[in-house]
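Asks: Next one to model:
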Amino acid sequence: MLKAAGPVVTLITSWSWKVAKPSIGAFINILIITLSVAMAVSGEIRFSWLGFGFQFASLVFDANRLVMVQILLSDSGQKMDPLVSLYYFAPACAVMTSLVAWQAEYASFEWGSIAQAGWTVLTLSAVMGFMLNVSIFLLIGKTSGLAMTLISIPKNILLIAISVLLWHTPISFLQILGYNIALWSLLFYSIGWNTVKAYIDALRVWSRKSEENEVLLADRV
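Replies: Take a look at the predicted model:
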């Protein structure tokens, strides 16, 4: 549920870094998306203040990372190439991950697991991870860090839909309602209020012309 607040944290972070102009409309839209996703994933949980602190800190750090990557890649920033960015980011991430793994997982790690998984699977996983990171940097460079956060919502919905189709995973009406609201809010945020208003005005004009044509046709008859 706390992870669902990622878009709001990223939006506020982008405002604080001055890479986006504050907008009450955008804030309300993102807030609706966040609340709808939180409603969809809500359930019975065992609350932990330690877990809450770690998760909230990860949201803040991740939001700042996305915004800083956006500054490095954007035309108004450093205009850094995605592969060059990955060249700088990958070693730092490897060091930090290795430190955590050394403290948390190394004692129980078994080298035989590598042979059991197979080098083919590990190589394919590495290639997919590399392509994933390149695509993430490309997306952030062309759009924004907020777009990167929002794109995870349709991905989660797609994962749920596939799990329902393949493994018949049960889902509740509340989850369906929450993700539907999230999708419509995401669509509304993507196209913007002005575009929606233009479509509504065009529909009204078309409806008015249709009524006038029907009246003229009735008079002729």
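
Asks: Which helix or which strand is home to Ser14?
Replies: For Ser14, the host element (DSSP states H and E) is helix 6-16.

Asks: correction: Ala63
Replies: Applying DSSP H and E, one finds Ala63 within helix 49-73.

Asks: Quick check: mean pLDDT of that helix?
Replies: Here helix 49-73 scores 85 as its mean pLDDT.

Asks: What is the subsequent helix or strand relative to that helix?
Replies: The helix or strand immediately downstream of helix 49-73 is helix 82-104, counting by DSSP H and E.

Asks: which non-adjacent residue is nearest Met68?
Replies: What sits nearest to Met68 in space, not counting adjacent residues and going by C-beta to C-beta, 6 or more residues apart in numbering, is Trp17, at 7.8 Å. C-beta: built from backbone N, CA, C; applies to glycine.

Asks: and that neighbour, how many neighbours?
Replies: Using other C-beta atoms under 10 Å, Trp17 has 15 neighbouring residues.

Asks: ditto for Ala182
Replies: Counted with other C-beta under 10 Å, Ala182 comes out at 26.

Asks: Ala38 too?
Replies: The local packing of Ala38 (other C-beta under 10 Å) involves 16 other residues.

Asks: any idea how far it is from Ser58?
Replies: Here the criterion is C-beta to C-beta, to the nearest Å. By it, Ala38 lies 16 Å from Ser58.

Asks: Figure out how far the helix or strand encompassing Phe188 is from the centre of its chain.
Replies: Taking DSSP H and E as the criterion, Phe188 maps to helix 173-191. Taking C-alpha atoms, centre = their mean, to the nearest Å, one finds helix 173-191 lying 13 Å from the centre of the chain it belongs to.

Asks: neighbouring contacts of that helix?
Replies: By C-beta atoms under 8 Å, 6 or more residues apart in numbering, the residues outside helix 173-191 that reach it are 26, 29-30, 32-33, 36-42, 150, 153-154, 157, 160, 196.

Asks: Sort out which of these are in helices and list them.
Replies: Cross-referencing those against helices under DSSP state H gives 26, 29-30, 32-33, 36-41, 150, 153-154, 157, 160, 196.

Asks: Mark which of these are buried, thanks.
Replies: Among the ones in helices among the contacts of helix 173-191, the ones that count as buried by 16 or more other C-beta atoms under 10 Å are 26, 29-30, 32-33, 36-41, 150, 153, 157, 160.

Asks: thinking again about what came up before, quick one: average pLDDT of the helix holding Ser14?
Replies: 85.

Asks: May I have that helix as CSV, with CA atoms only?
Replies: Written as CSV, here are the backbone C-alpha positions of helix 6-16 (Å, rounded to 0.1, in the frame of the first residue of the first chain):
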residue,chain,number,x,y,z
GLY,A,6,5.4,6.4,-5.2
PRO,A,7,3.9,8.7,-7.9
VAL,A,8,3.0,11.3,-5.3
VAL,A,9,6.5,11.2,-3.7
THR,A,10,8.1,11.4,-7.2
LEU,A,11,5.8,14.3,-8.2
ILE,A,12,6.6,16.3,-5.1
THR,A,13,10.3,15.5,-5.5
SER,A,14,10.2,16.8,-9.2
TRP,A,15,8.7,20.0,-7.9
SER,A,16,11.4,20.4,-5.2
